[in-house]
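> next input, structure requested:
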Amino acid sequence: MILAKAVRVLTGIAALACGSAAGAGPPYITDDPDPTELGHWEIYNFADFGVDQGNLLGSTGLDLNYGPLAGVQLTATLPLAIDTRSRPHVASGEVELGLKYRFVHDATSGVSIAIFPRVFLPTGPGGGRASLLLPVWAGIERGKWTLFGGGGYRLRSGRGARNSAIAAIALTRAVSQRLVAGMEIAHEGGDSAGVRGTTTIDAGSIVTLSKHWSLLLSGGPVREDGSGRLTAHLYAALGLNF
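Numbers count the residues shown, from 1 in each chain. You can find the predicted model right below:
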């Protein structure tokens, strides 16, 4: 919880409330406890890539969020996986299904806490096995500043797969009515034996284009644990809120 709040101050108000100056989630790896508003949709047409020596490895697609009940958000991410390394290809990606439930929301203190379990379902041949992410996200708002973050555990199935912990924190500031900027630090352990964990430092922004449309951007270095090897992370999305 403390880590989550620290990041909220450090990184970004950004994505799940793409029609307003406050919010979090996309374009950050760090999520926040605030669900999509009751009866509203948040849809992101995104591209999310790692960059290694000019090669891209990641996905592009749609991130769909809906608020069916107060304090509850349903999420579905429908991606295409893209890999431009030795054998460039595009394939169906890992579908994500999730439910965010905010069980603490104190308007006076600005503190909120939520759980956001998500299941990851490989769809293509050789795409691996299903996995489950069980995180807790917390946040606090103070004027133009928002601090959010948290962590959890990802459970993986399949031979050679390894469960891993995640932790992230972000801090954002509403620079103007149309711009929210922030930074984050996120860490996740390796997903299989012999694969090292990584730490990502991202700078991000959410630009409100109109009542319903926003542009979300983030990027920064990714450091491999142990070796110190550096790559990069890039994220861009066009957000629709209605």
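> please count neighbours and contacts with C-alpha atoms only from this point.
OK.
> what bridges to the spatially closest residue to H212 that is not a sequence neighbour?
Spatially, and ignoring its direct neighbours in sequence, H212 is nearest to N241 (4.9 Å; Cα to Cα, 6 or more residues apart in numbering). When bridges are called by DSSP bridges, N241 pairs up with E42.
> who does the longest strand belonging to the chain pair up with?
Across the chain, the longest stretch assigned as strand under DSSP state E is strand 55-69. The pairing partners recorded for strand 55-69 under DSSP bridges are strand 41-52 (antiparallel), strand 72-83 (antiparallel).
> quick revisit: so how far is L155 from the residue nearest to H212?
For N241, the distance to L155 equals 32 Å [Cα to Cα, to the nearest Å].
> what about the helices in the chain?
2-10 (DSSP state H).
> low-confidence ranges, it, go.
Low-confidence segments of the chain (pLDDT under 70): 1-24, 124-128.
> contacts only, for the most centrally placed residue in it.
Centroid check for the chain by Cα atoms, centre = their mean gives I29 as the closest residue, at 3.3 Å. I29 sits next to A168, E184, A186 when contact means Cα atoms under 8 Å, 6 or more residues apart in numbering.
> ok, back up a step: which of N241 and L155 has more neighbours?
The neighbour count for N241 versus L155, taken as other Cα atoms under 10 Å, is higher for N241 (21 against 17).
> right, and the more buried one touches L215 too?
No. Judged on Cα atoms under 8 Å, N241 makes no contact with L215 at a distance of 11.5 Å.
> picking up where we left off before, need the contacts of I29 in a markdown table (columns: neighbour count and distance to G150).
Formatted as a markdown table, these follow (neighbours: other Cα atoms under 10 Å; distance: Cα to Cα, whole Å):
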| residue | neighbour count | distance to G150 |
| --- | --- | --- |
| A168 | 28 | 6 |
| E184 | 30 | 12 |
| A186 | 22 | 10 |
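> for R159, grab the count of nearby residues.
R159: 10 neighbours (other Cα under 10 Å).
> any idea how far A161 lies from G190?
Taken as Cα to Cα, the span from A161 to G190 is 9 Å.
> let me know how buried W137 is, in neighbour terms.
28.
> sorry, wrong one. I was asking about V195.
With other Cα under 10 Å as criterion, V195 counts 13.
> again, but for L132
19.
> check contacts around the closest residue in space to H89 that isn't next to it in sequence.
Distances taken as Cα to Cα, 6+ apart put D83 closest to H89, at 5.5 Å, once the chain neighbours are dropped. The neighbours of D83, taking Cα under 8 Å, 6+ apart as the test, are N55, L56, L57, G58, H89, V90.
> can you lay out the residues you listed as a markdown table showing distance to R118 and neighbour count?
Output for the contacts of D83, formatted as a markdown table (distance: Cα to Cα, whole Å; neighbours: other Cα atoms under 10 Å):
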| residue | distance to R118 | neighbour count |
| --- | --- | --- |
| N55 | 28 | 13 |
| L56 | 25 | 19 |
| L57 | 22 | 17 |
| G58 | 19 | 20 |
| H89 | 26 | 11 |
| V90 | 24 | 13 |
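> mind putting those residues in a markdown table, distance to T146 included?
Formatted as a markdown table, these follow (distance: Cα to Cα, whole Å):
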| residue | distance to T146 |
| --- | --- |
| N55 | 34 |
| L56 | 31 |
| L57 | 31 |
| G58 | 28 |
| H89 | 39 |
| V90 | 37 |
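> most widely separated two among the residues you listed?
Taking Cα to Cα, the two most distant members of those are N55 and V90; they sit 13.5 Å apart.
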